[in-house]
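> below are the sequence and a predicted model for it; my questions follow.
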Amino acid sequence: MNQHDQSANPPSLFRNRFLQTILLSSVLLQIGIWVRNFAILLYVAERTNNDPYAISLISVAEFAPIFVFSFIGGTFADRWRPKRTMIWCDSLSAVSVFAVLLSIHFGSWESVYLVAFISAILSQFSQPSSMRLFKFHVPEEQLQQGMALFQSLMAIFMVLGPMLGTFVYSTFGLEISIAVMGVAFLLSALVLIRLPEDHMEAGTVAAKGQFRKDFTEGFRYVWQSQVLRMLGLAFVLAGLAVGAAQALNLFIVTERLGRSKEFLQYMLMVNGAAMLIGGGLVAAFAKKVPPQLLLAMGMLAGAVCTTIVGFSTSIPLTLTIQFLNGLMFPCIHIGISTMILRWSNSSIVGRVNGVLNPMFVGMMVVSMSLSGALKSALPLSTIYSGAGLLFLLGALMMLPIMKHKAPDQAQAA
């Protein structure tokens with residue numbers, strides 16, 4: 001039986017040793033990631049005199065591994081011991097950071113791309129392992145609340161991360177910034193030692209030599225579940241919408257609002273602060289709302305807010321809409337994560353995540369890539385209306401499965 005099936009009245013989430021440990025680890029990882037992201041961005045911009053090709057390679061280094069390694073990482077996450085996998089991934093990330101740091105120190109500045117690339121690869125093994133442990137150690141009725149806590153943590157760093165990353169880089173330079181990332185990942189690996197031991201029953205860890213079978217089983221599992229199929233379609237639509245809107249945010253600031261590009265940071269901070277509040281609100285009533293409804297509410301709000309932002313020329317209105325959009329965005333993240341956990345067997349949750357996640361990221365990158373051409377051909381209001389329509393279609397995908405109940409999967413993890 002799952003650990004959380006042993007008690008009819010589970011303790012408070014904050015007394016859950018797994019959640020305490022994973023949240024502390026996430027804080028350290030977020031510090032390292034945000035310092036890394038801004039150090040690389042600012043350094044490459046300075047080094048290449050704002051060359052758009054060189055800057056775009058940063059996104060390629062971060063997102064390209066998701067296409068190749070998300071499926072593979074999810075499959076191995078279901079085969080390997082999740083605690084051990086997470087510790088090894090953070091440790092190897094730290095080692096790779098210090099190796100790249102030596103390369104940078106001795107003159108190969110292009111090595112900065114490897115920092116993001118290697119870390120992104122390893123995260124494709126670590127993240128599904130974390131999801132698997134989450135399902136094993138957090139009671140079913142507390143899954144949405146737990147996801148809301150993670151969403152709140154992400155929102156905090158969306159507000160503080162850019163400031164922290166910019167401060168560290170401008171004060172200490174590239175090498176110290178990269179070293180901060182390495183230390184943060186190393187500390188995260190040490191913190192993860194505190195995780196409860198992996199107690200997997202026989203048959204949970206897949207036998208060797210069956211990788212191809214396990215790999216295809218993830219796709220088959222998603223296809224055979226109506227809920228996961230609809231979720232996959234929602235992922236595709238949301239990815240297309242988010243990619244277009246994010247890529248053109250700068251033009252909303254400069255063309256629709258008539259402000260300098262520096263004003264974008266205030267829009268992002270308003271959005272991040274609202275996400276923090278929204279995550280807290282969702283945590284408060286998460287037990288009472290089905291995850292399908294949460295996701296539909298979030299995407300419906302995204303449809304309305306994205307469309308209004310595309311037409312607005314008023315700074316107060318745009319900031320207000322950004323706040324409302326940020327307030328509802330946690331519904332999307334928490335709804336998706338909870339649905340994956342509830343409708344996936346413990347032994348296959350890593351592969352399900354590995355199948356669905358690239359759908360969102362892939363469509364987001366496609367949309368970002370096309371946004372420049374769209375901007376040349378269409379007005380911003382039309383593009384943002386199109387993104388809003390995609391969000392609306394994503395919300396409608398939830399209607400056929402709104403009444404579905406999660407299967408009883410109180411099995412061994």
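Done, it's in.
> wait, doesn't Asn353 sit right on Phe71?
No: using Cβ atoms under 8 Å, Asn353 is not in contact with Phe71; the gap is 9.9 Å. The way it works is simple: take the backbone N, C-alpha and C, and place the C-beta from them, glycine included.
> compare those two (neighbour count), which wins?
Asn353 (28 against 20; other Cβ atoms under 10 Å).
> so which strand or helix has that one?
helix 349-377 (DSSP states H and E).
> who's sitting farthest from the centroid in this protein?
The C-alpha centroid of the chain is most remote from Phe106, which lies 33.7 Å away (Cα atoms, centre = their mean).
> from Ala189, how far out is that one?
From Phe106 over to Ala189 the distance is 26 Å, taken as Cβ to Cβ, to the nearest Å.
> which stretches of the stretch 151-300 of the chain have low pLDDT?
Per-residue confidence for the stretch 151-300 of the chain (pLDDT under 70) gives these ranges: 198-209, 211, 286.
> now the helices for the chain?
Listed in chain order, the helices of the chain (DSSP state H) span 17-47, 52-79, 82-105, 112-137, 143-172, 174-192, 211-224, 226-247, 249-251, 264-285, 291-311, 315-342, 349-377, 380-396.
> mind putting the ones you listed into CSV with distance to Lys405?
Shown next, in CSV, are the helices of the chain (distance: least, Cβ to Cβ, whole Å):
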stretch, distance to Lys405
helix 17-47, 25
helix 52-79, 24
helix 82-105, 27
helix 112-137, 17
helix 143-172, 14
helix 174-192, 34
helix 211-224, 17
helix 226-247, 10
helix 249-251, 39
helix 264-285, 19
helix 291-311, 10
helix 315-342, 9
helix 349-377, 18
helix 380-396, 20
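> what about the ones you listed, which gets the closest to Pro407?
Relative to Pro407, the nearest member of the helices of the chain by Cβ to Cβ is helix 315-342, separated by 8.2 Å.
> for the closest one, what is the average pLDDT?
Per-residue pLDDT over helix 315-342 has a mean of 90.
> which strands and helices sit next to it?
If you count contacts as 3 or more Cβ pairs under 8 Å, 6 or more residues apart in numbering; DSSP states H and E, helix 315-342 packs onto helix 112-137, helix 143-172, helix 226-247, helix 264-285, helix 291-311, helix 349-377.
> could you list the alpha-carbon positions for the shortest one in PDB?
Included here for helix 291-311 are C-alpha records, laid out as PDB according to Å, rounded to 0.1, in the frame of the first residue of the first chain:
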ATOM      1  CA  PRO A 291      -8.800  19.700 -11.100                       C
ATOM      2  CA  GLN A 292     -10.700  19.700 -14.500                       C
ATOM      3  CA  LEU A 293     -12.700  22.700 -13.300                       C
ATOM      4  CA  LEU A 294      -9.600  24.400 -12.000                       C
ATOM      5  CA  LEU A 295      -7.900  24.000 -15.400                       C
ATOM      6  CA  ALA A 296     -10.900  25.200 -17.300                       C
ATOM      7  CA  MET A 297     -11.300  28.200 -15.100                       C
ATOM      8  CA  GLY A 298      -7.600  29.100 -15.600                       C
ATOM      9  CA  MET A 299      -7.700  28.800 -19.300                       C
ATOM     10  CA  LEU A 300     -11.000  30.700 -19.600                       C
ATOM     11  CA  ALA A 301      -9.500  33.500 -17.600                       C
ATOM     12  CA  GLY A 302      -6.400  33.300 -19.900                       C
ATOM     13  CA  ALA A 303      -8.600  33.600 -22.900                       C
ATOM     14  CA  VAL A 304     -10.300  36.800 -21.700                       C
ATOM     15  CA  CYS A 305      -7.200  38.500 -20.200                       C
ATOM     16  CA  THR A 306      -5.000  37.700 -23.200                       C
ATOM     17  CA  THR A 307      -7.500  39.200 -25.600                       C
ATOM     18  CA  ILE A 308      -8.000  42.400 -23.600                       C
ATOM     19  CA  VAL A 309      -4.200  42.900 -23.300                       C
ATOM     20  CA  GLY A 310      -3.900  42.800 -27.100                       C
ATOM     21  CA  PHE A 311      -6.400  45.600 -27.500                       C
END
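> in that helix, what counts as buried?
291-292, 294-311 (16 or more other Cβ atoms under 10 Å).
> the fourth one too?
Within helix 264-285, the residues scored as buried using 16+ other Cβ under 10 Å are 264, 267-276, 278-279, 281-283.
> just want the angle from it to helix 315-342.
Relative orientation of helix 264-285 and helix 315-342, computed by axes from the mean of the first three to the mean of the last three Cα atoms, to 10 degrees: 50 degrees.
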